[in-house]
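[1] Turn this into a model:
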Amino acid sequence: MTTLSIRQMARHSGLSAHTLRYYEDIGLIDPVARSASGHRCYGEQEQRWIDFLLRLRATGMPIRDMLHYAALRRSGNALDSVVARQQMLQQHVLTLETRLATLQENLALMRDKVAIYAGMAAELQAASHRTATGVTHAHPTLPTGLEPPASG
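    Numbering: from 1, shown residues only. Alright, predicted model coming up:
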């Protein structure tokens, strides 16, 4: 069984040693076993739990919800605890799916904007090149439909 010191756990998780101690103090992490010298020893179970907490945090779960989930987890695998954890995660998944859909819509809009500006830049560059080489036509304008919206 591989155990990690707090420094190694901090490096592994990306959390500071201070944050690991804080998470233990507030009950997000169960009390960690200690070596004979009193140093924290994070076992595989603690490592997996911290990795899961990092996923919850990365997905925007509020710490108060993470604390509630941790308390339910600590209460064991009784039916009410398991169902409550399932419902919490199910609700969080729905929240993530809604956020993801919004992000995808925003990404599509940003990609459309990038394409509009790429077209505008190409037209302006071509017009500039024509002017620089002495080939002039009518006043260079952008093709219809390439003008950015006023909010652009």
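[2] what about Asp65, distance to Gln47?
    Distance, Asp65 to Gln47, by Cβ to Cβ, to the nearest Å: 22 Å. All C-beta atoms are positioned from the backbone trio N, CA, C, and that covers glycine.
[3] Which one of these two is surrounded by more residues?
    Gln47 (17 against 14; other Cβ atoms under 10 Å).
[4] Who are the contact partners of that one?
    Going by Cβ atoms under 8 Å, 6 or more residues apart in numbering, Gln47 touches Leu4, Met9, His12.
[5] Next secondary structure after the helix or strand hosting Arg73?
    Element membership for Arg73 (DSSP states H and E) is helix 63-74. Counting by DSSP H and E, the next helix or strand C-terminal to helix 63-74 is helix 79-132.
[6] Kindly export the helix holding Arg73 (C-alpha atoms) in PDB.
    Extracted in PDB, the C-alpha atoms of helix 63-74 (Å, rounded to 0.1, in the frame of the first residue of the first chain):
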ATOM      1  CA  ILE A  63     -18.000  23.500  -0.600                       C
ATOM      2  CA  ARG A  64     -21.200  23.400   1.500                       C
ATOM      3  CA  ASP A  65     -22.500  20.700  -0.800                       C
ATOM      4  CA  MET A  66     -19.200  18.800  -0.700                       C
ATOM      5  CA  LEU A  67     -19.300  18.900   3.100                       C
ATOM      6  CA  HIS A  68     -22.900  17.500   3.000                       C
ATOM      7  CA  TYR A  69     -21.800  14.800   0.600                       C
ATOM      8  CA  ALA A  70     -18.800  14.000   2.800                       C
ATOM      9  CA  ALA A  71     -21.100  13.700   5.900                       C
ATOM     10  CA  LEU A  72     -23.400  11.400   4.000                       C
ATOM     11  CA  ARG A  73     -20.400   9.300   2.900                       C
ATOM     12  CA  ARG A  74     -19.200   9.100   6.500                       C
END
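[7] Contacts for stretch 19-31 next, please.
    Under Cβ under 8 Å, 6+ apart, the answer for stretch 19-31 is 6, 9-10, 13, 15, 32, 40, 46, 49-50, 53, 63, 66-67, 70-71, 74.
[8] now do 10 Å
    Residues outside stretch 19-31 that contact it (Cβ atoms under 10 Å, 6 or more residues apart in numbering) are 6-7, 9-10, 13, 15-16, 32, 40, 42, 45-46, 49-50, 53, 56-57, 63, 66-67, 69-71, 73-74.
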